[in-house]
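J.: Here is a sequence with its predicted model. Questions after.
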Amino acid sequence: MTYQERLHFDTRGRGTYEISREIGRVIRDSGIDTGTCHVFCHHTSASLTLCENADPTVRRDLEAFMKRLVPDGDPLFKHTLEGPDDMAAHVRSILTKMDLTLPVCDGRPALGTWQGVYLWEHRTHPHSRSITVTVQGD
């Protein structure tokens, strides 16, 4: 059995947005008890990550690390049509990833105690983002 749904999220700009609850709802709505859940981000300047959901300083530290690793306006980048954060956002998305696969057990995502699914917005301005969630199993 396969179930698929597209979700939409409005971001307020760069940062992480927990979407675990929405993913869990799609899995429940699918009626699938055991299987896998594939989550896909339809953008080249946002990504998905599985991260600690208890202490927000973890996500702030990740953002600080990414800022050091891939700074906005780096003179190395030639692709700057949409501003100094444009190419940096593309690189950040590639270094993280645009999809996740989660196990489904007992009709819900089988995440660890301190894990959450996050949409990571890499642009500095607000954007509307689309995520497709596909659940397969029994």
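T.: Perfect, thanks for sending it.

J.: ok now the biggest helix by length in the chain, how far from the chain's centre?
T.: Secondary structure assigned by DSSP state H gives helix 56-69 as the longest helix of the chain. In this view, helix 56-69 has its centroid 15 Å away from the chain centroid, taken as C-alpha atoms, centre = their mean, to the nearest Å.

J.: Not counting that helix itself, show me its contacts.
T.: Here helix 56-69 makes contact (C-beta atoms under 8 Å, 6 or more residues apart in numbering) with Arg14, Gly15, Thr16, Thr49, Cys51, Glu52, Arg92, Leu95, Tyr118, His122. Any C-beta I mention is one placed from the backbone N, CA and C, and that applies to glycine too.

J.: Next: stretch 101-108.
T.: 23-24, 27-28, 31-39, 50, 109-111, 117, 135, 137.

J.: returning to that earlier point: between the contacts of helix 56-69, identify the one with the most neighbours.
T.: Among the contacts of helix 56-69, the one with the most neighbours (other C-beta atoms under 10 Å) is His122, at 28 neighbours.

J.: circling back: list the buried residues in the longest helix of the chain.
T.: Within helix 56-69, the residues scored as buried using 16 or more other C-beta atoms under 10 Å are Arg59, Leu62, Glu63, Met66.

J.: and the most far-flung residue of the chain relative to its centre, what pLDDT?
T.: In the chain, Pro75 marks the outermost C-alpha relative to the chain mean, sitting 27.3 Å out by C-alpha atoms, centre = their mean. Here, the pLDDT recorded for Pro75 equals 96.
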